[in-house]
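Participant: test case, fold it:
(4 chains)
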There are 2 protein chains.
Amino acid sequence: MDQIARTTKDLGHILRAARRAQNLTQADLAARAGLWQRTVSMIETSASGAKVETVFDLLAALDLELHIVPRSKMSRDDLEDIF
Amino acid sequence: MDQIARTTKDLGHILRAARRAQNLTQADLAARAGLWQRTVSMIETSASGAKVETVFDLLAALDLELHIVPRSKMSRDDLEDIF
DNA sequence: CAGATAAATGATCTGTAGATCATAAATCCG
DNA sequence: CGGATTTATGATCTACAGATCATTTATCTG
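Facilitator: Predicted coordinates:
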């Protein structure tokens, strides 16, 4: 049920959804994260490949966390679908 | 049990550990990811703030996936520790 | 220890992210 | 519809990542 990002486009979508879920404008989020509205817009629309640091700033401002997991690892649900 | 990265330093450590677990040299990984040994070294030692795209390349080459989860979400284990 | 393999790092060059200010284009809402 | 709010973008400048080649420094291993 959690969000998986394989591309910067995924990342942008996830960040945008999270921001909206918290009723924040790009400007709000930018302020919280110490960035600029322009930058938030660019990242959400993946109009430019952000730097990792910047993404960490956004994630922190949104109370999100990055988990790194083996790609092959199947979820309980996946297994149930198969067996 | 999965790895959590909050900083580029965390990321570097996780990537290095994953690479070693798969018995790859920095040069091997660089080749797989279409990067340079120098770049892999820089990122693993967090000697420089990488770009997101580059990290995605490394994760893919290592068969790893990025999950984005709410920070506050506690694991079953955390709860057990408290209650 | 010596030789081999791996990792760190120097130097240069190009491309581009983010800062910054400003405005255009969308979207919302009464 | 029309005004307000939000998002997308234009332009410029600085900083720095990644490409590329080469070399030094660790780390292994027989």
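Participant: averaged pLDDT, the longest strand seen in chain A. What do you get?
Facilitator: Using DSSP state E, we find that the single longest strand of chain A is strand A:64-70. Average pLDDT, strand A:64-70: 96.
Participant: contacts for that strand next, please.
Facilitator: Outside strand A:64-70, the residues that touch it by CB atoms under 8 Å, 6 or more residues apart in numbering or on different chains are A:2, A:18, A:56, A:59, B:2-6, B:11, B:14, B:18, B:59, B:63-71. Bear in mind the C-beta positions are built from the backbone N, C-alpha and C, glycine included.
Participant: again, only this time at 7 Å
Facilitator: Outside strand A:64-70, the residues that touch it by CB atoms under 7 Å, 6 or more residues apart in numbering or on different chains are A:18, A:59, B:2-6, B:14, B:63-71.
Participant: chain center to it: distance?
Facilitator: Strand A:64-70 sits 11 Å away from the centroid of its parent chain (CA atoms, centre = their mean, to the nearest Å).
Participant: for stretch A:29-39, same thing?
Facilitator: The mean C-alpha position of stretch A:29-39 is separated from the chain mean by 15 Å, CA atoms, centre = their mean.
Participant: need the buried ones from the contacts of strand A:64-70 selected in PyMOL.
Facilitator: Here is the PyMOL command that selects the buried residues among the contacts of strand A:64-70 (16 or more other CB atoms under 10 Å in any protein chain shown):
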select buried, (chain A and resi 18+59) or (chain B and resi 3+5+14+64+65+66+67+68)
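Participant: the longest strand of chain A pairs with which strands, and in what direction?
Facilitator: strand B:3-5 (antiparallel), strand B:64-70 (antiparallel) (DSSP bridges).
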